[in-house]
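In: Fold the following and give me the result.
(one chain, ligands or ions: 2)
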Amino acid sequence: MKYISTRGQAPELSFEEAMLTGLARDGGLYLPAEIPVLSNDEIAALAGLPYEEIAFRVMWPFVSGSFAEDEFKGIIARAYEGFDHAARAPLKQLNENHFLLELFHGPTLAFKDFAMQLIGQLFQVALQRRGDRVTIVGATSGDTGSAAIEAFRGLDAVDVFILFPHGRVSEVQRRQMTTPADGNVHALAVDGDFDDCQAAVKDMFNDFDFRDGVRLAGVNSINFARVLAQVVYYFSSAVSLGAPHRKVSFTVPTGNFGDIFAGYIAKRMGLPIERLVVATNQNDILHRCLSGDGYYKGETIPSVSPSMDIQVSSNFERALYYAYGEEGRAVAQLMDELKSGGFDVSQGAMEALREVFDSGRASEEETLATIKSTLARSAELVCPHTAVGIKVAEEHRSAETPMITLATAHPAKFPAAVEQASGVHPPLPPRMSDLYERSERVTRIANDLGAIQEHIKGHISA
Ligand SMILES: Cc1ncc(COP(=O)(O)O)c(C=O)c1O
Ligand SMILES: N[C@@H](CCOP(=O)(O)O)C(=O)O
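Out: Residues are numbered from 1 along each chain as shown. Ligands and ions are numbered 1, 2, ... in the order given. Predicted coordinates:
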């Protein structure tokens, strides 16, 4: 399997090369040159299998030239052995045809662990084989950073620098990033918002002297391996509700468009997904765009679902690539226009997007009210991001097709918002109960590319 850039001007790479490369050298995002398709029989055969076996069968066609079969099975086994739930991604029924897919039973209590635990293992095997080392720089609105630090801490071949927006992540998220004592992980609190952090990461990839000098690698959803790992739970949940003999729909709380794009890949692989519903908070660029208003940046407003406080959704570029008929030049042109504020989506591309995606938005009041009503009606305490999803899903679900909403984080990561909405304080799992006593290590830094690059150069181990 070869990997190509959304902007059409970068070298084609193998899975392993694309994974270690991060952003393509033309500024685009890597995608498989062809999306493998599973037959109905192959999908039906997934029902009842352990999560790890489903993961192997779904991901193998994407990675097969880069890893041996047994090696990849071992990687998957190690990635998910630390999860707190035997099913890894259990499904709970909320009401007659609305289900919650719980994705927060990993080490850092958010869906990011599914991909990050896997790519931690993949990087380790690939770097050891090559005798190489890398510097990972990541941007986070809270969950990617904590999952990355957990997955890579203590590894000799990797230094990790995580940029997060100062004052705009929850205290639990911040402490998950600032309390690990391992010398190879570094939390940087940037005076800016998530979009500033993400822009800085992409600028570092586009600065080839810096990129090559520090051997830069990325673990944001820039990295296709992140998206791939997230495709698996669309399959595991859909087959448990009767796919491929029965269609399902998904609602996905969305910020950087990585998780829902994984659903798009699952659909292209043959999973009978009827609708993919984008659920945004008040930072609603994706909902505005899918409603026909063009893709125009607004100001990022802090919300009770801070992980989704994003205005430039990195992976939307991948969806646009397909909507524009796999035409890299068209995508490059749109991304140029984005630099000066935004762009209108062509009629043909809008039709292609609307064939697959619906969208909705939840205000702050609606998010808090949904936390409260979900507890009252279904006895489930949900995080604010999940609440955004539930609210939008209820507006889009039909009587005929089961709706699965992705529960993307544990409520205990956002105790203030959850308590404000429900009056209930969600406790951390016992293994994290001393999180508030651990000492923190963090560098506050200006939103200045040069200053961030200097800091990184001064702190890498080799
Ligand atoms: C808890 C939570 N929910 C939802 C999202 C949105 O996911 P994505 O950025 O893949 O759209 C994020 C951040 O990515 C998150 O951390
Ligand atoms: N919500 C994310 C933002 C980064 O998204 P990614 O999927 O591209 O890593 C976070 O929690 O950091």
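
In: Ramachandran angles for residue 47?
Out: With angles defined as degrees, to the nearest 10, residue 47 sits at phi -60, psi 130.

In: okay, now it: neighbour count?
Out: The number of residues packed near residue 47 is 17, by other C-beta atoms under 10 Å. For every residue, glycine as well, the C-beta is placed using N, CA and C.

In: tell me which element the closest residue to it other than its chain neighbours falls in.
Out: In this structure, residue 47 finds its nearest non-sequential neighbour in residue 239, 4.4 Å apart by C-beta to C-beta, 6 or more residues apart in numbering. Following DSSP states H and E, one finds residue 239 within helix 224-240.

In: any bit of whichever strand or helix holds residue 136 sitting next to ligand 1?
Out: Using DSSP H and E, residue 136 sits in strand 134-139. No - against ligand 1, strand 134-139 shows no contacts by C-beta under 6 Å from any ligand atom, the least distance being 10.5 Å.

In: is any part of the next helix or strand after that strand close to ligand 1?
Out: Sequence-wise, the next helix or strand downstream of strand 134-139 (DSSP H and E) is helix 143-152. Yes - judged by C-beta under 6 Å from any ligand atom, helix 143-152 and ligand 1 are in contact via residue 143.

In: Packing partners of helix 143-152?
Out: Other helices and strands packing on helix 143-152, by 3 or more C-beta pairs under 8 Å, 6 or more residues apart in numbering; DSSP states H and E, are helix 112-130, strand 134-139, strand 158-165, helix 171-178, strand 185-190.

In: buried stuff in that helix?
Out: In terms of neighbour count (16 or more other C-beta atoms under 10 Å), helix 143-152 has its buried residues at 143, 144, 145, 146, 147, 148, 149, 150, 151, 152.

In: Return the residues in contact with the residue nearest to residue 214 when sequence neighbours are not counted.
Out: Leaving aside its chain neighbours, residue 214 sits nearest to residue 135 (4.2 Å; criterion: C-beta to C-beta, 6+ apart). Contacts for residue 135 (C-beta atoms under 8 Å, 6 or more residues apart in numbering) come out as 158, 159, 160, 161, 214, 215, 216, 217, 456, 460.

In: Give the bridge partners for the second one, please.
Out: The residues listed as beta-bridge partners of residue 159 by DSSP bridges are residue 135.

In: Quick check: what element follows the helix or strand harbouring residue 419 along the chain?
Out: Per DSSP H and E: residue 419 is located in helix 415-422. Per DSSP H and E, the first helix or strand lying C-terminal to helix 415-422 is strand 443-445.

In: Counting by contacts, list what that following strand packs against.
Out: strand 185-190, helix 449-459.

In: Okay, now the sheet partners of that strand, with direction.
Out: Going by DSSP bridges, the partners of strand 443-445 are strand 185-190 (parallel).

In: Need the residues that contact the partner strand.
Out: 145, 149, 152-153, 159-167, 174, 177-178, 196-197, 200, 441-447, 452, 455, 459.

In: ok, then the element right after it?
Out: Assigned by DSSP H and E, the successor of strand 185-190 is helix 194-206.

In: quick one: that following helix near ligand 1?
Out: No - using C-beta under 6 Å from any ligand atom, helix 194-206 never reaches ligand 1; the gap is at least 9.1 Å.

In: again, but for stretch 314-325
Out: No - with C-beta under 6 Å from any ligand atom as the criterion, ligand 1 is not reached by stretch 314-325; the gap is at least 7.0 Å.

In: For that stretch, list every residue counted as buried.
Out: Those would be 314, 315, 316, 317, 318, 319, 320, 321, 322, 323, 324, for stretch 314-325 by 16+ other C-beta under 10 Å.

In: pLDDT wise, what is the residue nearest to the last one when sequence neighbours are not counted at?
Out: Beyond its immediate neighbours in the sequence, the residue positioned closest to residue 324 (C-beta to C-beta, 6+ apart) is residue 330, lying 4.3 Å away. Note for residue 330: predicted pLDDT of 98.

In: Need the three-state assignment for residue 330.
Out: Of the three states, residue 330 takes helix under DSSP: H, G, I helix; E, B strand; the rest coil.

In: With residue 28 instead?
Out: Per three-state DSSP, residue 28 ends up coil.

In: Which stretches in the stretch 201-350 of the chain count as helices?
Out: For the stretch 201-350 of the chain, the helices defined by DSSP state H, counting those that start in this stretch occupy 208-214, 224-240, 258-268, 285-288, 316-323, 328-339, 347-356.

In: Looking at those helices, spot the one closest to residue 367.
Out: Nearest to residue 367, of all these, is helix 285-288, at 13.9 Å by C-beta to C-beta.

In: Stretch 280-300 close to ligand 2?
Out: No - taking C-beta under 6 Å from any ligand atom as the criterion, stretch 280-300 and ligand 2 are apart, separated by no less than 11.1 Å.

In: List the single closest residue to the residue of the stretch 51-200 of the chain found nearest ligand 1 in space, sequence neighbours excluded.
Out: Closest residue of the stretch 51-200 of the chain to ligand 1, C-beta to the nearest ligand atom: residue 143 (3.3 Å). In this structure, residue 143 finds its nearest non-sequential neighbour in residue 110, 4.0 Å apart by C-beta to C-beta, 6+ apart.

In: Do I have it right that the one you found meets residue 411?
Out: No - between residue 110 and residue 411 there is no contact under C-beta atoms under 8 Å: 11.2 Å.

In: just to revisit the earlier point, for the residue nearest to residue 47, give me the pLDDT.
Out: So, for residue 239, pLDDT stands at 98.

In: Starting from ligand 1, give me the distance back to it.
Out: Going from residue 239 to ligand 1 by C-beta to the nearest ligand atom, to the nearest Å gives 22 Å.

In: can you count the residues close to that residue?
Out: Residues near residue 239, counting by other C-beta under 10 Å: 22.

In: ok, now which ones touch it?
Out: So residue 239 contacts 43, 44, 46, 47, 54 (C-beta under 8 Å, 6+ apart).

In: Out of those, which two are the most distant from each other?
Out: Greatest spatial distance among the contacts of residue 239 (C-beta to C-beta): 44 and 54, at 12.2 Å.
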